[in-house]
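**Student:** below is the structure, and that's it, no one-letter string:
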């Protein structure tokens, strides 16, 4: 049997997982099937790669050698594939945009279409910032419009160039008849007894929110993670309060208010691959994204309270 890339991926998965059971789950295989594959690989390499024990598996000297080479070969092949796809698509005309939930992607599409009528624009959306960034790295997308919490690093591979579109304080959504809805701003601690709702994502926002609540002296008793429409519904009917960006549009039945001290901040980012043909258009797309943010902010609930003086957080 000749050694193949898939075999190296199996060896690396077993080493990373520390057990055949966990590795089988990661690889989408049954544990017996993975054991059979590993035995074939070991026969092809003429020696055992792992020592099995109660606490999992440990690489042998031969296994360490194979892992050392695999950690060089696998990223190199992945990079080769990404570069090949990007090269093959260098002649593609148009814009392939990826983004997460929120109004900015639609605003960016609108501005590009207005400026360049007839030029094809395609979009791809995902809850995963990492997935969108990976699409740009792999050459499937030209630009990623995503966001990160505070000063967190951008998602995905480090091969992408990232520029900040804007940064906004995170607001809270309340039902329009909520006891605090008339206030121009709200202390996070005043919402300690509330149930919360938010959209999913693979960034650190959930951890940042939990940390902000701890600093405010409480732990959220309940957080409903669901899609945007369901979040809005739960807020409108008074089942929860929600977190949203300052660009959240005016919506019947709810209001948005800033949190005192801006304990949570959202940075909108635009990413692209510097070696891709699309990089030549990055400055123009970045300006479109910034203009789309300005327009979204002007249409948002936040615009109604933008002039309110929001105090610093209480010590």
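**Tutor:** Sure, I can see it. Note that the structure is a prediction, hence the values are computed from the model and not measured.
**Student:** quick one, helices of the stretch 201-315 of the chain?
**Tutor:** Taking DSSP state H, counting those that start in this stretch to define them, one finds helices in the stretch 201-315 of the chain at 205-215, 228-236, 282-299.
**Student:** now the first one, how far from the centre of its chain.
**Tutor:** This means helix 205-215. Using CA atoms, centre = their mean, to the nearest Å, the mean C-alpha position of helix 205-215 is found 17 Å from that of the whole chain.
**Student:** same thing with stretch 10-20?
**Tutor:** The answer for stretch 10-20 is 26 Å, by CA atoms, centre = their mean.
**Student:** buried residues, that stretch. List them.
**Tutor:** 10, 11, 12, 13, 14, 15, 17, 19, 20 (16 or more other CB atoms under 10 Å). (Each C-beta comes from the backbone N, C-alpha and C, glycine too.)
**Student:** identify whichever of the helices of the stretch 201-315 of the chain lies nearest to residue 195.
**Tutor:** When these are compared by CB to CB, helix 228-236 sits nearest residue 195, at 8.0 Å.
**Student:** before we move on, the earlier item: need the helices of the stretch 201-315 of the chain in JSON lines (columns: distance to residue 29).
**Tutor:** Output for the helices of the stretch 201-315 of the chain, formatted as JSON lines (distance: least, CB to CB, whole Å):
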{"stretch": "helix 205-215", "distance to residue 29": "30"}
{"stretch": "helix 228-236", "distance to residue 29": "34"}
{"stretch": "helix 282-299", "distance to residue 29": "41"}
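**Student:** I'd like those helices as CSV, with mean neighbour count, mean pLDDT and distance to residue 198 appended.
**Tutor:** Formatted as CSV, these follow (neighbours: other CB atoms under 10 Å; pLDDT from 0 to 100; distance: least, CB to CB, whole Å):
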stretch, mean neighbour count, mean pLDDT, distance to residue 198
helix 205-215, 16, 91, 7
helix 228-236, 18, 94, 7
helix 282-299, 18, 93, 19
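**Student:** ok, residue 200 touching residue 228?
**Tutor:** No: between residue 200 and residue 228 there is no contact under CB atoms under 8 Å: 10.3 Å.
**Student:** distance of residue 150 from residue 267?
**Tutor:** 7 Å (CB to CB, to the nearest Å).
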